[in-house]
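# Just need the structure, nothing else, for what follows:
(one chain, ligands or ions: 1)
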Amino acid sequence: MPMNQEKAPETASVEIPIAVPSAPAPAAPQAAQTDRTKRFPRPPSRRPGLAPRRRVCRFCSEKIRDVDFKQVQILRNYLMESGKILPARVTGLCARHQRQLATAIKRARNVSLLPYVIR
Ligand SMILES: [Zn+2]
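Take a look at the predicted model:
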């Protein structure tokens with residue numbers, strides 16, 4: 001039965017929905033994975049010629065384990081002019097302390113130690 005063997009429609013019909021519809025060459029998927037660094041090159045340095053600046057979390061470096069909502073003077077540094085919480089890419093905090101900071105600011109707002117909005 002050569003006809004039935006040549007058809008083999010099951011494997012082809014399974015692969016089509018997974019692959020990108022307009023992909024012309026599904027022959028070399030391994031080569032595409034190794035070329036990831038070429039497809040996603042590192043962004044150009046913002047300080048060309050200088051060593052990359054190391055980001056350190058201020059709470060970690062000062063050995064502050066838990067962010068306290070009562071320490072308003074510290075929390076104020078992480079608010080924008082409008083009263084919003086600064087994003088982690090601005091504060092430079094680690095994920096754990098940024099989360100704690102956000103919770104602490106929200107608690108301080110609730111007991112009116114900090115404002116919700118500054119107009
Ligand atoms: Zn930290």
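
# for the ion, what are the nearby residues on the protein?
Residues of the chain lying close to the ion by CB under 5 Å from the ion are 57, 59-60, 94, 97. All C-beta atoms are positioned from the backbone trio N, CA, C, and that covers glycine.

# got those as TSV, with neighbour count and pLDDT columns?
Formatted as TSV, the residues of the chain next to the ion follow (neighbours: other CB atoms under 10 Å; pLDDT from 0 to 100):
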residue	neighbour count	pLDDT
Cys57	17	95
Phe59	20	96
Cys60	13	96
Cys94	16	96
His97	21	97
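
# For these, name the two members farthest from one another.
Spatial extent of the residues of the chain next to the ion (CB to CB) is set by the pair Phe59 and Cys94 at 7.7 Å.

# report the longest helix in the chain, please.
helix 95-110 (DSSP state H).

# What is that helix packed up against?
helix 58-61, helix 72-76, helix 88-91 (3 or more CB pairs under 8 Å, 6 or more residues apart in numbering; DSSP states H and E).

# number of nearby residues for Gly92?
Residues lying near Gly92 (other CB atoms under 10 Å) number 14.

# which residue sits closest to it, ignoring its sequence neighbours?
In this structure, Gly92 finds its nearest non-sequential neighbour in Arg55, 5.2 Å apart by CB to CB, 6 or more residues apart in numbering.

# Can you report phi and psi for the one you found?
phi -90, psi 120 (degrees, to the nearest 10).

# how deep is Val111 tucked in, by neighbour count?
For Val111, using other CB under 10 Å, the count is 9.

# Looking at it now. What's its pLDDT?
Val111 carries a pLDDT score of 98 in this model.

# how close does it get to Phe69?
Distance from Val111 to Phe69, counting by CB to CB, to the nearest Å: 8 Å.
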